[in-house]
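In: Dropping a prediction and its sequence here:
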Amino acid sequence: MNAPAPSVLKQHLIDPVICIRCNTCEETCPIKAITHDSRNYVVDPDICNGCGACISPCPTGSIDNWRSVIKAEAYSLDAQLGWDELPEELELDVAAGSTADEEPVFATPPLDTARGSTTAPKSAAMPSVNLQTIKQPAVATVVGNFRVTATDHDSDTHHIVLDFGSQPFPVLEGQSIGIIPPGTDAHGRPHHARQYSIASPRDGERPKYNNLSLTVKRVLVDHSGQPVRGVASNYVCDLQKGDQVKVIGPFGSTFLMPDDAKANLLMICTGTGSAPMRGMTERRRRLMKEGDGKLMLFFGARSQEELPYFGPLMKLPKSFIDINLAFSRTPGQPRTYVQDLMRARAGEIAALLKSDDTHLYVCGLKGMEDGVIDALRYAADQHGLDWRTLHPKLKAEGRLHLETY
């Protein structure tokens, strides 16, 4: 009697060459099948059910990789944590008629755990993604590096301008790039790339130049307040004019602005989350004409001294953009966060939400997300809109985008 043929698994893997360790996949996975160490993000074959919830949110596409393997010989977590690139696809010798899961199983639709859209606005331009990889990075030259926070304050944020010379590197507002710091980590391996949002419009920091800008804050303490020297942020903030930088990407195919002059942009950000908002605002400013959609910005920081671009921001005409600044650590003043100002302007926000031409963008620390969503719900429900109906509509139409970290 013939033994049963071995079962085949279409195993879900993450490409360590493309992955920029942004943690989006692990945060998104509804069944906690994704984990990581100091080197790699990996998928547990004993937990993963192929639901696909992690695929769309990944900014690089590194999450969308699969290998056919004998189920009993699936790549273990230890094997995945130890490799520097994905293994080649194997040729399996499996008898015909075997019971095999040849494709990821989508018995039910992927769980919609995201609060924001997983598709781009309908009118957005087509983005270029993953043009340059860790194995073949672009080399950009630093043509500018200046501090955009007060010099007498300990919050050190820099505006970096990178020029790509004759090498094509097309980007859109809302995309990001990866920068590879030189040197090796504690294990003697090259440092992973770090992801930074682009702060300039698609035609360059300087119009019609092949360059782009970043907003980077120097990291000197970790999330618990303990001293730490961020490898990439300190490297980038210390760059000098003329230095060359290895760049990968660009990344991102959903957090994009609409190419529609009538579109209203409601932008909510904190700290360096201002980068994509700056790019979008500058794009609209360069194309500004009568009859364009409205721009409304809610921008939060600990204090005015920590607010990037404070001076240039104040020079934008009020007729062009409605700016609302929230400071949470101003001496002698109550703590104010972006969601507080949003509630105070609920009527104006609701007026925007009633228009199908309105697009919302949220970027900044993960902790802001709950407050922002609650403020949007408040604005809607207080002014004749049903947030329970509006929220999924905004997501489905690619009009509510959240990029928090």
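Out: Okay, I see it. Quantities reported herein were computed from a predicted structural model and do not represent experimental measurements.

In: hey, let's count contacts and neighbours off CA atoms from now on
Out: OK.

In: any idea how far residue 136 lies from residue 369?
Out: The spacing between residue 136 and residue 369, counted by Cα to Cα, to the nearest Å, is 35 Å.

In: Have a look at these two and say which one is more surrounded.
Out: residue 369 (20 against 11; other Cα atoms under 10 Å).

In: Next, the more buried one: secondary structure please.
Out: Recorded secondary structure, residue 369: helix (DSSP: H, G, I helix; E, B strand; the rest coil).

In: Skip the chain neighbours and tell me the closest residue to it.
Out: residue 404 (7.3 Å; Cα to Cα, 6 or more residues apart in numbering).

In: cool, and residue 261?
Out: Nearest in space to residue 261, with sequence neighbours left out and distances taken as Cα to Cα, 6+ apart, is residue 292 at 5.1 Å.

In: what residues are up against the closest residue to residue 28 other than its chain neighbours?
Out: In space, and not counting its chain neighbours, residue 28 is closest to residue 54: 5.6 Å by Cα to Cα, 6+ apart. Contacts for residue 54 (Cα atoms under 8 Å, 6 or more residues apart in numbering) come out as 24, 25, 26, 28, 29, 63.

In: now, among those, which is nearest to residue 354?
Out: residue 28 (29.2 Å; Cα to Cα).

In: so how far is residue 249 from residue 129?
Out: The gap separating residue 129 from residue 249 is 6 Å, by Cα to Cα.

In: give me the number of residues near the residue nearest to residue 227 when sequence neighbours are not counted?
Out: Nearest residue to residue 227 in three dimensions, chain neighbours excluded: residue 221, at 4.3 Å (Cα to Cα, 6+ apart). Residues lying near residue 221 (other Cα under 10 Å) number 12.

In: Now do the same for residue 221: its pLDDT.
Out: As predicted, residue 221 sits at a pLDDT of 77.

In: That one reaches residue 229, doesn't it?
Out: Yes: here residue 221 reaches residue 229: they are 6.9 Å apart, a contact under Cα atoms under 8 Å.

In: Would you confirm that residue 394 contacts residue 400?
Out: Yes: using Cα under 8 Å, residue 394 is in contact with residue 400, at 5.5 Å.

In: Which one's more surrounded, these two?
Out: For residue 394 versus residue 400, the count of surrounding residues by other Cα under 10 Å is larger for residue 400: 25 against 21.

In: in a strand, that's where residue 389 is, yeah?
Out: No: read with three-state DSSP, residue 389 is helix and lies in no strand.

In: For residue 369, see how far away it is.
Out: Applying Cα to Cα, the value for residue 389 to residue 369 is 19 Å.

In: Could I get the full set of helices for this structure?
Out: Taking DSSP state H as the criterion, the chain carries its helices at 24-28, 77-82, 231-237, 274-286, 310-314, 338-344, 346-353, 369-382, 387-396.

In: rank those helices by pLDDT, which is bottom?
Out: Least confidently modelled of these is helix 310-314, at a mean of 84 by mean pLDDT.

In: what's that one in contact with?
Out: So helix 310-314 is contacted by 148, 149, 304 (Cα under 8 Å, 6+ apart).

In: max-length strand in this structure?
Out: strand 138-147 (DSSP state E).

In: quick check, distance from it to the centre of its chain.
Out: Centroid displacement of strand 138-147 relative to its chain, using Cα atoms, centre = their mean, to the nearest Å, is 21 Å.

In: Packing partners of that strand?
Out: Applying 3 or more Cα pairs under 8 Å, 6 or more residues apart in numbering; DSSP states H and E, one finds that strand 138-147 contacts strand 157-163, strand 244-251.

In: Dump those to TSV, plus mean pLDDT, mean neighbour count and distance to residue 20.
Out: What follows is these, written out as TSV (pLDDT from 0 to 100; neighbours: other Cα atoms under 10 Å; distance: least, Cα to Cα, whole Å):
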stretch	mean pLDDT	mean neighbour count	distance to residue 20
strand 157-163	97	24	19
strand 244-251	96	24	10
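
In: okay if I get these as TSV plus distance to residue 118?
Out: Below are these laid out as TSV (distance: least, Cα to Cα, whole Å):
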stretch	distance to residue 118
strand 157-163	29
strand 244-251	14
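
In: Nearest to residue 9, out of those?
Out: Ranking the helices and strands packed on strand 138-147 by proximity to residue 9 (Cα to Cα) places strand 244-251 first, at 29.4 Å.

In: Report the inter-axis angle for that closest one versus strand 138-147.
Out: 100 degrees (axes from the mean of the first three to the mean of the last three Cα atoms, to 10 degrees).

In: What lies in contact with strand 244-251?
Out: Residues outside strand 244-251 that contact it (Cα under 8 Å, 6+ apart) are 59-60, 128-134, 136-142, 169-171, 175-181, 193.

In: Going through those, which ones are buried?
Out: Those of those that meet the buried threshold are 59-60, 128-130, 132-134, 137-142, 169-171, 175-181, 193, by 16 or more other Cα atoms under 10 Å.

In: Filter those residues down to the ones in strands?
Out: Checking those against DSSP E, those in strands are 138, 139, 140, 141, 142, 176, 177, 178, 179, 180.

In: what number of residues lie near residue 167?
Out: 11.

In: Who are the contact partners of the closest residue to it other than its chain neighbours?
Out: Nearest residue to residue 167 in three dimensions, chain neighbours excluded: residue 138, at 7.6 Å (Cα to Cα, 6+ apart). Neighbour list for residue 138: 132, 164, 167, 246, 247, 248 [criterion: Cα under 8 Å, 6+ apart].
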